[in-house]
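Enquirer: Below is the sequence, then the predicted model.
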Amino acid sequence: QVQLVESGGGLVQAGGSLRVSCAASGRTFTSLAMAWFRQAPGKEREFVAGISAIGRTNFADSVKGRFTISRDNAKKTAFLQMNSLQPEDTAVYYCAAAASLSSDLLYSESKYQSWGQGTQVTVSS
């Protein structure tokens with residue numbers, strides 16, 4: 001079992017940037033695929049970005065070119081760098097981890113076994 005703790009959320013103006021982090025513990029981090037999902041009020045949770053154990057990435061169309069995902073295996077931490085933020089990016093952002101997940105399935109919420117508690121990101125207009 002993997003424990004995940006997100007941090008770095010907050011309030012930012014439209015056009016600004018924010019980086020959220022996800023610290024993992026309890027399992028060999030290097031074997032995990034990591035991803036970020038988000039859930040806005042009144043909406044279903046949706047895939048944002050994912051990174052496989054070997055560093056391949058995948059992004060939702062809505063964030064391509066604005067968001068990047070990375071991982072630091074030594075620190076057992078995944079990051080989501082968010083640039084050019086817009087009010088529609090406002091949501092609770094959740095970190096998720098999956099064992100042995102191929103890069104073509106990073107978007108699939110049902111494949112993730114571990115979830116963080118979420119961190120609020122609010123973008124003001």
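Expert: Structure's in. What do you need? Because the structure is a prediction, the values reported are computed rather than measured. Residues are numbered from 1 along each chain as shown.
Enquirer: drop to CA atoms for contacts and neighbour counts, all remaining ones
Expert: Fine.
Enquirer: Under a three-state scheme, what state does the residue most central in space within the chain occupy?
Expert: Centroid check for the chain by CA atoms, centre = their mean gives Trp36 as the closest residue, at 2.0 Å. Here Trp36 is recorded as strand under DSSP: H, G, I helix; E, B strand; the rest coil.
Enquirer: hey, what's Ile51 bridged with?
Expert: Met34, Thr57 (DSSP bridges).
Enquirer: Roughly how far does it sit from Gly9?
Expert: Going from Ile51 to Gly9 by CA to CA, to the nearest Å gives 20 Å.
Enquirer: can you map out the strands along the chain?
Expert: 3-7, 10-13, 18-25, 32-39, 46-51, 57-59, 67-72, 77-82, 91-99, 114-115, 119-124 (DSSP state E).
Enquirer: Just the mean pLDDT for the first one, thanks.
Expert: Put plainly, it is strand 3-7. Average pLDDT, strand 3-7: 96.
Enquirer: Sheet partners, orientation included, of that strand?
Expert: strand 18-25 (antiparallel).
Enquirer: ok so, going back, of Ile51 and Gly9, who's got more company?
Expert: Ile51 (27 against 18; other CA atoms under 10 Å).
Enquirer: For Gly16, give me phi and psi.
Expert: For Gly16, the backbone dihedrals (degrees, to the nearest 10) come out as phi -80, psi -180.
Enquirer: and it, what is it in contact with?
Expert: The contact partners of Gly16, by CA atoms under 8 Å, 6 or more residues apart in numbering, come to Asn83, Ser84, Leu85.
Enquirer: For these, pick the one with the most neighbours.
Expert: Leu85 (23 neighbours).
Enquirer: Tell me the spacing between it and Arg66.
Expert: For Leu85 relative to Arg66 (CA to CA), the value is 8 Å.
Enquirer: rewinding a little: using a markdown table, please lay out the strands of the chain together with distance to Tyr107.
Expert: Formatted as a markdown table, the strands of the chain follow (distance: least, CA to CA, whole Å):
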| stretch | distance to Tyr107 |
| --- | --- |
| strand 3-7 | 18 |
| strand 10-13 | 24 |
| strand 18-25 | 17 |
| strand 32-39 | 8 |
| strand 46-51 | 6 |
| strand 57-59 | 7 |
| strand 67-72 | 13 |
| strand 77-82 | 15 |
| strand 91-99 | 11 |
| strand 114-115 | 14 |
| strand 119-124 | 19 |
